[in-house]
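> sequence first, predicted coordinates after that:
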Amino acid sequence: MTTASPSVFLLMVNGQVESAQFPEYDDLYCKYCFVYGQDWAPTAGLEEGISQITSKSQDVRQALVWNFPIDVTFKSTNPYGWPQIVLSVYGPDVFGNDVVRGYGAVHVPFSPGRHKRTIPMFVPESTSKLQKFTSWFMGRRPEYTDPKVVAQGEGREVTRVRSQGFVTLLFNVVTKDMRKLGYDTGPADTQGVSGPSPPQGFPQ
C-alpha cells in the first residue's frame, strides 16, 4: 500500500527573545508578532506575545534579559512569504509615558537547527526640530500604527529612522516534509535533527 505524498510542509519554531542592549534606557518590555505570506497558516502555538518589564543587569554588560519564550508551528505549500518575526521594544520616557524604543525584524532561519540572531533596532524620527520638541513635550513619539510594516518594504524609503539598540533571539527550527516536496533546506530534515522529540500531537 503506497502512502500519499504530502501536500504541505511544516515549520516548527521555538526559542526565546533572549536579551537586549539599549545603553540609554532601562525598564523595557518587548512585543513580538509574526508576518508571513498568503500560503502560510499557523497550526499551533502563539503568533504574538508581550514580555515582562526587565531592568538592566548590574554587571558590566548592563544587559536587559527577558528570556521570553517563542513557540509556533506553521504549514505552507511553498517557501514564498517565509515567516519573519517583528520586534517592538517599549519603555517609559521622563514623564512616565510608554514610548517605543526600537523596531526590528528578521526572517526565521531557513535551515533546521539552533540559531542565534542579533537584530539592530531603529526608531522613526520626526522630520523637523519643531515636531521633535512637540512630540517630546507631549509624550507622543513617532511610532508605527502597525509594527508589521517593519517587515515590508512598501513606503519604508520615505521614513526617517535612527538606529538604536540590539535584541538577541534564539531559534530552534524543525522542518517536516520539505524534502518530499522538493525543497532542500540544508544539512537534514526532521529525521537528522538531534535533540528532544517533537511534543505529543505534532505530526510525524
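Looks like it came in fine.

> okay, CA-based contacts and neighbour counts for the rest of this
Will do.

> buried sites along the strand or helix carrying Lys31?
Using DSSP states H and E, Lys31 falls within strand 29-35. Of the residues in strand 29-35, 29-35 count as buried by neighbour count, 16 or more other C-alpha atoms under 10 Å.

> which neighbouring elements make contact with it?
Strand 29-35 makes packing contacts with strand 48-50, strand 84-92 when contacts are defined by 3 or more C-alpha pairs under 8 Å, 6 or more residues apart in numbering; DSSP states H and E.

> re earlier: and the buried residues of strand 29-35, which is closest to Ile70?
Taking C-alpha to C-alpha as the measure, Ile70 lies nearest Tyr32 of the buried residues of strand 29-35, at 9.0 Å.

> which one is the closest one nearest to, not counting chain neighbours?
With sequence-adjacent residues excluded and distances taken as C-alpha to C-alpha, 6 or more residues apart in numbering, Tyr32 is closest to Leu87, at 4.6 Å.

> below-threshold pLDDT in the protein: ranges please.
Scanning the chain for pLDDT under 70 picks out the ranges 1-4, 126-142, 154-158, 186-204.

> tell me where it has strands.
For the chain, applying DSSP state E gives strands covering 9-21, 29-35, 41-45, 48-50, 64-76, 84-92, 98-107, 113-124, 161-176.

> show residues contacting the longest one.
Contacts to strand 161-176, defined as C-alpha atoms under 8 Å, 6 or more residues apart in numbering, come from residues 9-23, 101-102, 108-109, 111-125, 189-190, 193.

> pull up the pairing partners for that strand, direction included.
Partners of strand 161-176 in the sheet, by DSSP bridges, are strand 9-21 (antiparallel), strand 113-124 (antiparallel).

> on that earlier part again, any residues touching the strand holding Lys31, and which ones?
Strand 29-35 is contacted from outside by 47-54, 83-91, 148, 151, using C-alpha under 8 Å, 6+ apart.

> sort out which of those are buried, if you could.
Listed as buried from the contacts of strand 29-35 are 47-48, 51, 54, 83-91, 148, 151; burial here means 16+ other C-alpha under 10 Å.

> who are the contact partners of the residue nearest the centre of the chain?
The centroid of the chain falls nearest to Ile85 when counting by C-alpha atoms, centre = their mean (2.7 Å). By C-alpha under 8 Å, 6+ apart, the contact set of Ile85 is 32-35, 105-108.
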